[in-house]
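# 3D model of this:
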Amino acid sequence: MKKLSLLWLVGVLSLVPAAQAQWQTITYTLRGGWNAIYLQGDATHTTIDNLFAGTTSVISVWRWNPNPNPAQFKASSIIPTASTPEWSVWVKGDTAQTTLTSLSGQMAYLVKCSGLAADTYTVAITQRILPPKSTWVRNGANFLGFPALAGTSAPTLSAYFATFPAAIASNARVYKYVGGELGPGNPVQIYSPSTEKIDPNQAYWFEATVVGDFYAPIEVKPSDADGLVFGRTGSFMSVRLRNRTSAAVTVTVAPVDSVAEPSGPASTVVANTPAPAATVPTSGSTTITTSTTTGATAPGTGTASTNSSPPTGTTAGNLTGLAPVPMIRRTLNSATATYTDTAITGAYTEVIPPFSEVELTVGVDRSKMTAVAGTAYASFLRFTDSGSLMNVLLPCSSRVANLAGLWVGDVQVSSVTTMAPGATGSTTPRPFPLRVIIHVDNTGVARLLSQVYIGKLAGSADEVGLCTREPGLQADQKAYATRLSVGHLPLDLVLASSAGSFALGASLEMQVSLAFNNPTNPFIHTYHPDHDNRDARLVTYTTAGVESPTVSRKMIFVFSSAASILGTDPLSSTWGGSRMVGSYTESITGLHRKTLSVSGTFELRRLNEIGELFIN
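Prediction:
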């Protein structure tokens with residue numbers, strides 16, 4: 001188990017936001033026989049069995065696993081072969097051959113349908129959209145799709161790859177699947193990139209021995225690889241727009257709503273129907289509701305898990321409207337050296353010079369997020385360019401602020417009431433630190449912990465979670481987990497607060513009791529006859545105080561209010577979001593015939609926003 005310093009954890013884990021999905025329904029046109037599609041988003045919220053339930057048109061789905069060893073190819077990379085590392089396969093009704101159960105994002109797939117190439121089908125798949133990315137491998141087995149503009153304005157291969165010409169050079173070959181059986185007529189090689197238009201929903205084979213990360217002539221790079229994830233406390237993030245072309249381009253930025261969260265089968269298949277024309281959704285109002293999920297707790301209503309087994313992970317909930325994130329953009333007035341914040345309520349443009357990069361600063365207007373604490377907002381920013389080349393959806397998400405998550409910090413004990421005869425004063429020569437771990441769940445219940453594990457939970461999905469003992473972790477993931485512990489508290493302590501609340505301006509009381517027969521009680525000495533809690537006949541005492549008393553600690557955290565610290569600290573904007581401070585008092589009985597009192601100050605930092613705790 002890794003042992004990591006608190007400073008490292010604060011730098012790496014601090015304020016890890018809870019993931020929030022932004023959804024779009026993408027329609028794919030398929031033909032009888034073999035087709036190639038590319039998912040810009042992730043559809044693992046349901047199984048392929050559910051995705052194509054009730055249809056007989058889709059016979060099998062094959063996922064290309066990038067960067068295989070070319071020596072493992074049975075014939076050609078463009079011919080799918082089962083039981084090989086480069087292909088995973090789902091076969092309808094055949095569990096023995098199936099090695100693929102769901103559709104991951106930013107991956108290329110072959111889809112085989114019944115019928116002839118003249119038969120057409122449309123498949124609508126609701127998916128969680130991801131920021132674009134591509135990885136080109138030198139062995140030439142590149143099976144990729146691109147966030148290009150769709151419809152009649154779609155760019156040609158030559159125009160799209162003008163800044164990455166090695167992909168379509170004379171020594172490279174590009175293929176596309178057109179339906180029908182595999183053979184000389186499917187896939188077909190594209191010989192005229194100057195007239196072939198890109199379909200953003202289709203995957204293409206590029207047998208080009210190049211490396212790189214090209215996905216569009218104008219790159220959209222958010223400061224977070226998952227998109228604009230503001231979490232419960234974030235305010236502003238940056239997006240870099242890089243123009244790889246030799247001409248200035250005008251990029252249009254527009255807000256776009258997320259569709260409803262999927263529930264059940266997320267696909268419908270209709271035979272022999274034309275594909276619908278591409279449409280661009282517009283931003284509008286959506287009813288704000290809190291989603292209900294299976295195996296996870298809905299924001300704002302959950303409690304810590306106390307089951308004998310950990311949660312099984314989040315699955316798609318009911319059809320839930322996701323309100324669009326109230327976005328703002330920040331611009332600098334160089335003449336006055338002041339910033340101006342403008343609401344993003346419609347499309348606006350940015351001009352990027354040739355071979356240049358422009359950094360945009362965008363944020364969230366939390367004053368317009370009026371739903372209950374923990375409610376998720378989700379939407380997109382769409383980026384298109386004046387050259388009609390690319391069409392990128394950048395996920396945006398935020399949650400109404402609350403204090404759920406794991407808080408870690410220290411109490412600095414600076415005052416101790418002395419019991420020594422004739423002694424005066426209570427101030428210590430220097431503060432004594434006491435480590436503190438507090439978890440706040442989605443309902444606001446605060447629990448004092450003596451230890452906590454951060455890692456992938458046993459029996460759950462792959463998301464990182466929190467548990468109180470090591471058996472709650474996946475056995476093969478323990479090496480990657482982190483354990484935090486406190487030495488001055490009883491072992492395996494999970495203690496809910498006895499009074500008060502974890503909030504700015506409030507107080508929180510914890511009553512910690514160390515039983516007289518607890519192995520860590522300081523009065524117990526295993527090999528000393530006067531402190532083993534047994535009489536002369538070695539009969540164990542059943543009451544406290546004969547040889548060892550019960551030790552009780554009443555710990556009170558008084559949190560500073562926002563008004564008391566506003567403007568007095570250069571980091572005051574983080575108070576109540578990622579930092580909590582205040583005064584600390586503790587009364588101890590059982591160690592002395594009189595009650596002992598200590599006091600000081602404390603500071604806690606939020607390491608993550610995980611509101612569920614598996615207590616095992």
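# list the beta-bridge partners for Arg399.
Per DSSP bridges, the residues bridged to Arg399 are Ala376.
# that one: neighbour count?
28 (other Cβ atoms under 10 Å). In this view, the C-beta of every residue, glycine as well, is placed from N, C-alpha and C.
# doesn't Val372 make contact with it?
No. Taking Cβ atoms under 8 Å as the definition, Arg399 is not a contact partner of Val372, at 10.6 Å.
# which residues of the stretch 151-300 of the chain score low on pLDDT?
Scanning the stretch 151-300 of the chain with the threshold set as pLDDT under 70 gives 263-300.
# make it 80
The stretch 151-300 of the chain contains residues with pLDDT under 80 at 232-233, 263-300.
# strands along that one, start to end?
Using DSSP state E, counting those that start in this stretch, the strands of the stretch 151-300 of the chain run over residues 173-176, 188-189, 204-207, 218-222, 228-229, 236-243, 249-257, 267-271.
# redo those as CSV? Include distance to Pro433 and mean neighbour count.
Converted to CSV, the strands of the stretch 151-300 of the chain look like this (distance: least, Cβ to Cβ, whole Å; neighbours: other Cβ atoms under 10 Å):
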stretch, distance to Pro433, mean neighbour count
strand 173-176, 63, 19
strand 188-189, 69, 12
strand 204-207, 58, 21
strand 218-222, 38, 20
strand 228-229, 33, 24
strand 236-243, 34, 18
strand 249-257, 47, 19
strand 267-271, 56, 17
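# Pro395: which of the ones you listed is closest?
Judged by Cβ to Cβ, the one of the strands of the stretch 151-300 of the chain that comes nearest to Pro395 is strand 228-229, at 6.8 Å.
# other SSEs contacting that closest one?
Under the contact definition 3 or more Cβ pairs under 8 Å, 6 or more residues apart in numbering; DSSP states H and E, strand 228-229 sits against strand 236-243, strand 391-399.
# pairing partners for it, with directions?
As defined by DSSP bridges, the strand partners of strand 228-229 come to strand 391-399 (parallel).
# need the helices and strands packed on strand 228-229 in TSV (columns: distance to Pro549).
Converted to TSV, these look like this (distance: least, Cβ to Cβ, whole Å):
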stretch	distance to Pro549
strand 236-243	55
strand 391-399	46
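# C-terminal to the least confident helix or strand in the chain by mean pLDDT, what's the next element?
Every helix and strand of the chain was ranked by mean pLDDT, DSSP states H and E. The lowest is helix 6-13, at a mean of 43. With elements assigned by DSSP states H and E, the helix or strand that comes after helix 6-13 is strand 23-31.
# using PDB, list the CA coordinates for whichever helix or strand comes after that following strand.
Using DSSP H and E, the helix or strand that follows strand 23-31 in sequence is strand 33-39. Only the C-alpha atoms of strand 33-39 are listed here, as PDB (Å, rounded to 0.1, in the frame of the first residue of the first chain):
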ATOM      1  CA  GLY A  33     -23.100  -6.300 -44.700                       C
ATOM      2  CA  TRP A  34     -20.000  -4.600 -43.100                       C
ATOM      3  CA  ASN A  35     -19.900  -1.000 -42.000                       C
ATOM      4  CA  ALA A  36     -17.500   1.100 -40.000                       C
ATOM      5  CA  ILE A  37     -18.500   3.700 -37.400                       C
ATOM      6  CA  TYR A  38     -16.600   5.900 -35.000                       C
ATOM      7  CA  LEU A  39     -18.000   6.800 -31.500                       C
END
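# what angle sits between strand 33-39 and strand 23-31?
The directions of strand 33-39 and strand 23-31 differ by 160 degrees, with axes from the mean of the first three to the mean of the last three Cα atoms, to 10 degrees as the criterion.
# picking that back up, relative to Val58, which of the strands of the stretch 151-300 of the chain is closest?
Of those, nearest to Val58 by Cβ to Cβ is strand 267-271, at 6.9 Å.
# packing partners for the following helix or strand past the closest one?
Using DSSP H and E, the helix or strand that follows strand 267-271 towards the C-terminus is strand 327-333. Applying 3+ Cβ pairs under 8 Å, 6+ apart, we find strand 327-333 packed against strand 338-343, strand 357-364.
# need the CA coordinates for stretch 579-593. PDB is fine.
These are the backbone C-alpha positions of stretch 579-593, laid out as PDB (Å, rounded to 0.1, in the frame of the first residue of the first chain):
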ATOM      1  CA  ARG A 579     -10.600  24.900   2.800                       C
ATOM      2  CA  MET A 580     -12.300  25.200   6.200                       C
ATOM      3  CA  VAL A 581     -10.700  26.800   9.200                       C
ATOM      4  CA  GLY A 582     -11.700  27.700  12.800                       C
ATOM      5  CA  SER A 583     -11.000  27.100  16.500                       C
ATOM      6  CA  TYR A 584     -10.700  23.800  18.200                       C
ATOM      7  CA  THR A 585     -11.400  22.700  21.800                       C
ATOM      8  CA  GLU A 586     -11.200  19.300  23.400                       C
ATOM      9  CA  SER A 587     -12.300  18.100  26.900                       C
ATOM     10  CA  ILE A 588     -10.700  14.800  28.000                       C
ATOM     11  CA  THR A 589     -12.000  12.600  30.900                       C
ATOM     12  CA  GLY A 590     -10.500   9.400  32.200                       C
ATOM     13  CA  LEU A 591      -6.900  10.300  31.900                       C
ATOM     14  CA  HIS A 592      -6.900  12.400  35.100                       C
ATOM     15  CA  ARG A 593      -9.200  12.800  38.100                       C
END
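# can you list contacts of it?
Residues outside stretch 579-593 that contact it (Cβ atoms under 8 Å, 6 or more residues apart in numbering) are 403, 407, 409, 411, 413, 419, 502, 504, 514, 522, 549-560, 565, 571, 575, 595-606.
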